[in-house]
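Asks: this one's sequence-less:
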């Protein structure tokens, strides 16, 4: 069983949803982001999304755009990102790691070479925002050869017919985008998301995590009551921005971000009243 | 003509021109892009759509635009006979309106009630604001902060036309960032909004649809040159940023093997420097704004800023069909520097009494290089894609004059 499937199965047995933090590799610099990454499992991360910075993040709001720019300014590249993953995996064999980003840097790296090196470094899955099912063959084939899951996205604009296309070839889990919008902007309607997740779960055995519009511990808990995972990104990377603004030292930024993640994790893990009765 | 061997068959049903094009967009936009394709295919089959568009092109835009013989420039260069396709005489002063009218009619057919667009030089923004005003639709135009500064007259024009111009301060603050912001707006307003893309860029069906709406440039040129010279031209020349005026001129001639075709990119300070916009000349294939195409990028796949004195050519990508035509060798791509474009700008103003936009001034710079080497009975047709009123401040400052 893959690390992703194993982790979701464990969580299901204990009746909890996954807390999935997103950070951008290299934000604000390689060492600080590695220190944050390393602390995330202890802070309660069940699965980690590591952002691959891109110059033109079309699906992201201001917080993640700024985070990507900080990371690129610090010199982050895919090769360095994979080094970070290797260092992480040397100490943590259990926490699934999913890379999230855009296709062009992978295209430039060499798609097949990337799939191979990412898998060998210890990456478990890929979420490539601008590779819809119609275009993702080019990555899905080499990824499958390396047992890397391609995580597909479903959104509020996904209709029944479209859902077939998305589910056919999806791996790891389904990422439900809770808002029609870019990351970290609008707020979701809990009823709409609950309905959408139920519809997805009726059609697939894959776990279903929700993200894009979850900013607070309270919102994360609302989602965790019915979804298999809650992804928080923008409000985490915003803490990095605040730390820089306040001229905090690296250790203080790491502490602030991990404490914030611990709060989010507690909220997600305590969201369902009767533990173990799912 | 053997249709199977035509250069004009693309894209394939999934929107690819060979290895280029496609639909590289966020999942939220996929259903919209697919619906747009269906609506466009239905409109193409509907004679009513075409006749409404033709009527507007004739009575609102003033088409057909003249094909003008540049007599003094021809004499001065002492070579090929130079004809200019006068898209600068269209309503709003450039070829952009051809496409905007087509897309706004489509938006109405689809029941969309809000229009958004990106703009670089402001010509597409003005054309979009114009058609939105004509049909009473609210319009938001995204424009990079740098471009707003260097194209102030067009910013004011858009506001006069009732559009809201939103300043984009992310990234390089130019056209590519304006397009990112427009895509973000579209993702957030999926129900009511129609995104009018201004060039042959973006996800399928935009590159094919925008090309189809601009092909009127080449169709008119074809019949006009046959009437005037009784034969087809030897050479077509057009400037290429995203490449919409170029593909519009070129497309009806692609299957005429005897017609040589040249696209001209902006070389900025020179293609030996990093300050240029020669995407096809210096870029590598990559994926940006919904399509695979040539792209100015770092070895790590990060998109780099383009540089050109002309805001309309200042784009690090290019339409996917141009990438395919380059690889196939059917169209050859050259470049002209800021300096060469300024010289051509001055030459046309003084020799023909026509102040061109800085974008086609790049094409003209190429014409001025090649025409003297061609026989005197040979024929060049160049797309004069826009007029230069918007550029007078930029040119004045490049010449060290204050207005």
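Replies: Structure's in. What do you need? Please read these numbers as outputs of a predicted model, since none were measured by experiment.
Asks: give me the distance from stretch B:167-178 to the chain's centre.
Replies: 19 Å (CA atoms, centre = their mean, to the nearest Å).
Asks: I'd like the average pLDDT over stretch A:223-238.
Replies: Stretch A:223-238 carries an average pLDDT of 98.
Asks: my error: substitute stretch B:116-134 in the last question.
Replies: 95.
Asks: that one near chain A at all?
Replies: No: residues of stretch B:116-134 are not located near chain A by CB under 8 Å from any CB of the partner chain, the shortest gap being 11.8 Å. Any C-beta I mention is one placed from the backbone N, CA and C, and that applies to glycine too.
Asks: next, the buried residues of that stretch.
Replies: B:116-132 (16 or more other CB atoms under 10 Å in any protein chain shown).
Asks: just these: which are in helices?
Replies: B:123-132 (DSSP state H).
Asks: can I get these in JSON lines with distance to residue A:86?
Replies: Output for those, formatted as JSON lines (distance: CB to CB, whole Å):
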{"residue": "B:123", "distance to residue A:86": "50"}
{"residue": "B:124", "distance to residue A:86": "46"}
{"residue": "B:125", "distance to residue A:86": "47"}
{"residue": "B:126", "distance to residue A:86": "52"}
{"residue": "B:127", "distance to residue A:86": "52"}
{"residue": "B:128", "distance to residue A:86": "49"}
{"residue": "B:129", "distance to residue A:86": "52"}
{"residue": "B:130", "distance to residue A:86": "56"}
{"residue": "B:131", "distance to residue A:86": "54"}
{"residue": "B:132", "distance to residue A:86": "53"}
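Asks: next one: the most far-flung residue of chain A relative to its centre from residue B:216, what distance?
Replies: Ranking residues of chain A by C-alpha distance from their mean position (CA atoms, centre = their mean) puts residue A:247 at the top, at 27.4 Å. Distance check for residue A:247 against residue B:216: by CB to CB, to the nearest Å, it reads 59 Å.
Asks: for chain B, what is the nearest residue in chain A?
Replies: residue A:108 (2.9 Å; CB to the nearest CB).
Asks: next, count neighbours for that residue.
Replies: Counted with other CB atoms under 10 Å in any protein chain shown, the neighbours of residue A:108 add up to 22.
Asks: assign it to helix, strand or coil.
Replies: Put simply, residue A:108 is helix when judged by DSSP: H, G, I helix; E, B strand; the rest coil.
Asks: how about it, what does it touch?
Replies: B:284, B:286, B:297-301 (CB atoms under 8 Å, 6 or more residues apart in numbering or on different chains).
Asks: from the residues you listed, which is closest to chain A?
Replies: residue B:301 (2.9 Å).
Asks: returning to what we had before: quick one: pLDDT of the residue of chain A closest to chain B?
Replies: In this model, residue A:108 carries a pLDDT of 98.
Asks: give me every residue that touches the nearest residue to residue B:179 once chain neighbours are set aside.
Replies: Of all residues not flanking residue B:179 in the chain, residue B:118 sits nearest, at 4.4 Å (CB to CB, 6 or more residues apart in numbering or on different chains). With contact taken as CB under 8 Å, 6+ apart, residue B:118 is in contact with B:124-125, B:141-143, B:175, B:178-179, B:181-182, B:197-198.
Asks: redo that, cut-off 10 Å
Replies: Counting by CB atoms under 10 Å, 6 or more residues apart in numbering or on different chains, residue B:118 makes contact with B:124-125, B:128, B:141-144, B:147, B:168, B:175-183, B:185, B:195-199, B:201-202, B:289.
Asks: and it, what are its bridge partners?
Replies: residue B:142 (DSSP bridges).
Asks: any idea how far it lies from residue B:212?
Replies: For residue B:118, the distance to residue B:212 - CB to CB - is 20 Å.
Asks: so where is chain A shaky, pLDDT-wise?
Replies: Scanning chain A for pLDDT under 70 picks out the ranges A:274-278.
Asks: by residue count, tell me the biggest helix in it.
Replies: Per DSSP H, chain A has its longest helix at helix A:250-269.
Asks: so what's the gap between it and the chain middle?
Replies: With CA atoms, centre = their mean, you get 16 Å for helix A:250-269.
Asks: what is that helix packed up against?
Replies: Secondary-structure packing of helix A:250-269 (3 or more CB pairs under 10 Å, 6 or more residues apart in numbering or on different chains; DSSP states H and E): strand A:18-24, helix A:30-43, helix A:217-224, strand A:229-232, helix A:234-245.
Asks: could you dump these into a markdown table with distance to chain B added?
Replies: As requested, these are exported to a markdown table (distance: least, CB to the nearest CB, whole Å):
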| stretch | distance to chain B |
| --- | --- |
| strand A:18-24 | 14 |
| helix A:30-43 | 14 |
| helix A:217-224 | 18 |
| strand A:229-232 | 15 |
| helix A:234-245 | 13 |
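Asks: what comes up buried for stretch A:144-158?
Replies: A:148-158.
Asks: helix or strand with the lowest mean pLDDT in chain B?
Replies: Across the helices and strands of chain B, mean pLDDT, DSSP states H and E gives its lowest value to helix B:145-150, namely a mean of 88.
Asks: elements contacting that helix?
Replies: Looks like helix B:145-150 contacts strand B:114-119, helix B:152-160, strand B:164-168, helix B:175-188, helix B:392-398 (3+ CB pairs under 10 Å, 6+ apart).
Asks: what does the third one contact?
Replies: It refers to strand B:164-168. For strand B:164-168, using CB under 10 Å, 6+ apart, the contacting residues are B:116, B:118-119, B:122, B:125, B:129, B:138-149, B:154-159, B:173-182, B:185.
Asks: tell me the buried residues within those.
Replies: Buried among these (16+ other CB under 10 Å): B:116, B:118-119, B:122, B:125, B:129, B:139-144, B:146-148, B:154-155, B:157-158, B:173-182, B:185.
Asks: so how far is the least confident helix or strand of chain B from its chain's centroid?
Replies: The answer for helix B:145-150 is 19 Å, by CA atoms, centre = their mean.
Asks: other residues contacting that helix?
Replies: Outside helix B:145-150, the residues within contact range by CB under 10 Å, 6+ apart are B:118-122, B:125, B:144, B:154-155, B:165-170, B:172-175, B:177-178, B:305, B:309-312, B:314, B:390-391, B:393-394, B:397.
Asks: swap the cut-off to 6 Å and go again
Replies: With contact meaning CB atoms under 6 Å, 6 or more residues apart in numbering or on different chains, helix B:145-150 is reached by B:120, B:155, B:167, B:169, B:173-174, B:311, B:394.
Asks: these: which two are farthest apart?
Replies: B:169 and B:394 (20.7 Å; CB to CB).
Asks: which one of the contacts of helix B:145-150 sits closest to chain A?
Replies: Using CB to the nearest CB, the contacts of helix B:145-150 come closest to chain A at residue B:169, 10.2 Å.
Asks: excluding chain neighbours, what is closest to the closest one?
Replies: Closest to residue B:169 by CB to CB, 6+ apart is residue B:145, at 5.1 Å.
Asks: relative to chain A, how far out is that neighbour?
Replies: 15 Å (CB to the nearest CB, to the nearest Å).
Asks: repeat that for residue B:356.
Replies: Taken as CB to the nearest CB, the span from residue B:356 to chain A is 31 Å.
Asks: can I assume that residue is in contact with residue B:349?
Replies: No: using CB atoms under 6 Å, residue B:356 is not in contact with residue B:349, being 7.6 Å away.
Asks: which neighbours do the two share?
Replies: With CB under 6 Å, 6+ apart as the test, residue B:356 and residue B:349 reach no residue in common.
Asks: okay, the two: which has more neighbours?
Replies: residue B:356 (27 against 15).
Asks: need the contact list for the more buried one.
Replies: Contacts of residue B:356 (CB under 6 Å, 6+ apart): B:348, B:384, B:388.
Asks: helix, strand, or coil at the first one?
Replies: Under three-state DSSP, the three-state class of residue B:348 is helix.
Asks: rewinding a little: the residue of chain A closest to chain B and residue B:298, how far apart?
Replies: From residue A:108 to residue B:298 the distance is 8 Å (CB to CB).
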